[in-house]
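Student: sharing a sequence plus its predicted fold:
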Amino acid sequence: MASAIDSTNSEPPDAQLKWSGRWTLTHRILALNILTLALVVLSTLYLDVFRHRLSKERTQQTRLETATAVAAMDHVPQADWPALLATASKVTNDRFRLYAPDGSLLIDSWRLTGPTYQLRDPSSEHWTNAIGRGLDRGFNIIVRSKGHEDYVEPAVDRLQSWPEAMRARNLGRPTTKIRDAPDLTPVISSAVPFNGYVLLATDNDRTFTHTVRRERGFIIAAMAVVVAISVLLSIFLARTIVRPLRRLAIAAHRVRLGRSREVNVPRLPRRSDEIGLLARSVSDMSQSLRQRIDNIEAFAADVTHELKNPLASLRSAVDGLDRVEDPDLRGKLMTIAREDVRRLDRLINDISEAARTDAELSRATFEPVDLGPLIEQIVSSWETRREKGDARIAFARPRKETAVVMGKPDRLARAINAIIDNAVSFSPPGGLVEIAAAHVGDEIRIRIDDEGPGVPPEAREAIFNRFHSVRPEGENFGRHSGLGLAIAQAIVKGHDGEIDVHDRDDAVSGARFTIRLPAADRA
C-alpha cells in the first residue's frame, strides 16, 4: 500500500527515543535507595568511630588516674598508702589494688571504703536493657568487632591473675585492658608499675555504655524519620509510575480489542522521563495503527472500485459474444475482452506490489547502494524497450561511490523506474528525459526532468495518491494502473526519504521529479 507506511511522526525511530529529562525514573529510584543506604552506612561508621574515640578517652582517663595515684604514693610514707588509695577510690570511683613484688595483694581500696561500683546481673534488669544488649551485639556483628573477653573476679587475687598487671611489671610501663561485664558494660583496668610494686585500677564504666546507647538511640530515631520519608517518597514514586502505566495499559487493552478509534492514549506532555516517553510512544503507535487501519480500508475500497470497471467491461464483452453474429463486431469484442484481461492482470500485479511494499520494507535489511551503477542499469534496460517510443534518455552518472545510500537495491530501482516510466510516457516525440544524481550536503538527490506538459500545482500532491491516473492523449487505456507513483513514494518514504515534483527551472517546459535520500555514512 502506498501510504500505509506513513506515520504521524516523520522523525527517525532513534530520534524519537530520546528525552531531555535530567531526572529519569532510574535516577530517582537509585537516588532514593542510595540515600537510605548511605545514611545507614554513615550512621554505622559514625557510631563506630564515636564508640572507639570514647573508649580511648575513658581508657586514658583511667590510666591517668592510676598514674596520678602512683605519683602521690611516691611522695608519702608507705604507711599512708592505704588512706591515700581509699581517698582516690572515693574520688574516682575506681577500685585500687596494690600488689607486692612477690605478687601478693597488699592493699584493696574496697576493703577500706566499700564497693564503688557494682557488676549487675542482666536477669535482674529492665527488659529495655536486654534490647540494648541485643543491639550492642548486632552492632558488633555489623562492624565486625570481636568484642572483649568477659570480666571475672579471680578466685585468688594475686598479680598473676591479671595479665595486664604482669605485662606492666615485665615491660616496666603502664598497660590497660577492657573487659565486658555480664551486662556488656565495659570494665576498664589500668596497671602502673613502680619500685617493684604494681598498682591496678579497675572501673565499671556504665556511663560509657549509656552514652553510646543514647547516641545510638538518636541515630535510630533519625533513621526512623528517614525511613518514613523514604517510604512516603517510595509511595509517591510508585503512584507516579503505577497510575500512568495503568492508564496506558487500559488504553492498550482497548486498542487490542479493536477500539483504536475510540481510544485517546494519554501523551503526558509534562513528563520528560521514561513514563512520558512510553506514553508518547504508545500514543504515536496507536495513531499510526489507526492510520494504517484507515489506509487499509481505503485501499480495499479503492481496489474494489478499480476492479469493478474492467470486470464490468469484460462481462459486457463476454455477454455480447453470445448475441453478436457479425465477425467484425465479435472480433472487436474479443479485443476488448483481451485488453480487459491484460488490464486486470496489470492491476492485480500492481495491487499486490503496493500491498507488499510496506511489509517488505519493514523487514528489509538495508545495505549500501551506489545509485550511479543502479540508475545506469535502469537506463540501459529502457534503451532496449520498444514502448518508450522515440523519447531519449540521458543520464549524468556521478563519480563512483559518491551517491551511496542505505537501502534495498531492488526497491530503489522500482521507485526510480516508476518515475522514469512516468517521464517517458509524458514526453513528446523526440523529447529528452534527463536524469542526474548528486551528493548535496547530507543527502543524495536524484533529479528526473522531462519535456512534457508538466504537473499543475493543484495536482502535485494528488498524483501520488493510489489509482490517480491522468494519462497523455493517445496512450492506450489501462496501460497504467495509477499505482506507480504511489508505490514510488512509499518506497522512498520507507528509506527515510522524500519525493516531490515541480516545474523545471530552465527554459524548457516539463516536470522535475526530485528524490531525496539520506546519504550513507562513509565511516
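Tutor: Nice, I can see it. From a predicted model like this one, the values you see are computed outputs, not experimental measurements.

Student: just the helices in the stretch 251-400 of the chain please.
Tutor: Along the stretch 251-400 of the chain, the segments classed as helices by DSSP state H, counting those that start in this stretch run 274-323, 327-363, 371-383.

Student: actually, the chain.
Tutor: Along the chain, counting by DSSP state H, helices occupy 13-16, 25-73, 81-92, 109-113, 127-142, 163-171, 206-256, 274-323, 327-363, 371-383, 409-426, 484-494.

Student: most packed of those?
Tutor: helix 484-494 (a mean of 24; mean count of other C-beta atoms under 10 Å). Any C-beta I mention is one placed from the backbone N, CA and C, and that applies to glycine too.

Student: tell me the spacing between the closest residue to Ser286 other than its chain neighbours and Arg246.
Tutor: Spatial nearest neighbour of Ser286, excluding adjacent residues (C-beta to C-beta, 6 or more residues apart in numbering): Val265 at 4.8 Å. Val265 is 13 Å from Arg246, where distance means C-beta to C-beta, to the nearest Å.

Student: now for Arg173, how many residues are close by?
Tutor: 11 (other C-beta atoms under 10 Å).

Student: for the one 4 residues further on, same thing?
Tutor: Counted by other C-beta under 10 Å, the residues lying close to Lys177 total 19.

Student: just checking, it touches Pro163?
Tutor: Yes: Lys177 is within contact range of Pro163, at 7.2 Å (criterion: C-beta atoms under 8 Å).

Student: angles on the backbone of Gly497, please.
Tutor: The phi/psi pair for Gly497 (degrees, to the nearest 10) reads phi -110, psi -170.

Student: would you turn the helices of the stretch 251-400 of the chain into TSV with mean pLDDT and distance to Glu434?
Tutor: Formatted as TSV, the helices of the stretch 251-400 of the chain follow (pLDDT from 0 to 100; distance: least, C-beta to C-beta, whole Å):
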stretch	mean pLDDT	distance to Glu434
helix 274-323	75	32
helix 327-363	75	27
helix 371-383	88	11
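
Student: of all those, which one is nearest Ala38?
Tutor: helix 274-323 (24.2 Å; C-beta to C-beta).

Student: next, the angle from that closest one to helix 25-73.
Tutor: 160 degrees (axes from the mean of the first three to the mean of the last three C-alpha atoms, to 10 degrees).

Student: before we move on, back to that, check contacts around the residue nearest to Ser286.
Tutor: Counting by C-beta atoms under 8 Å, 6 or more residues apart in numbering, Val265 makes contact with 248, 251-252, 255, 279, 282-283, 286.

Student: could you dump these to CSV with distance to Ile296?
Tutor: Output for the contacts of Val265, formatted as CSV (distance: C-beta to C-beta, whole Å):
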residue, distance to Ile296
Leu248, 25
Ala251, 21
Ala252, 20
Val255, 15
Ala279, 26
Val282, 21
Ser283, 20
Ser286, 15
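
Student: per-residue pLDDT, Glu401?
Tutor: pLDDT for Glu401: 83.

Student: any idea how far the residue nearest to it when sequence neighbours are not counted lies from His439?
Tutor: Of all residues not flanking Glu401 in the chain, Asp370 sits nearest, at 5.6 Å (C-beta to C-beta, 6+ apart). Distance, Asp370 to His439, by C-beta to C-beta: 11 Å.

Student: shared neighbours, these two?
Tutor: Common neighbours of Asp370 and His439, counting by C-beta under 8 Å, 6+ apart, are Ala403.

Student: next, count neighbours for Ala459.
Tutor: The tally of other residues near Ala459 (other C-beta under 10 Å) stands at 13.

Student: go on, the one 5 residues further on?
Tutor: Applying other C-beta under 10 Å, we find 20 residues neighbouring Phe464.
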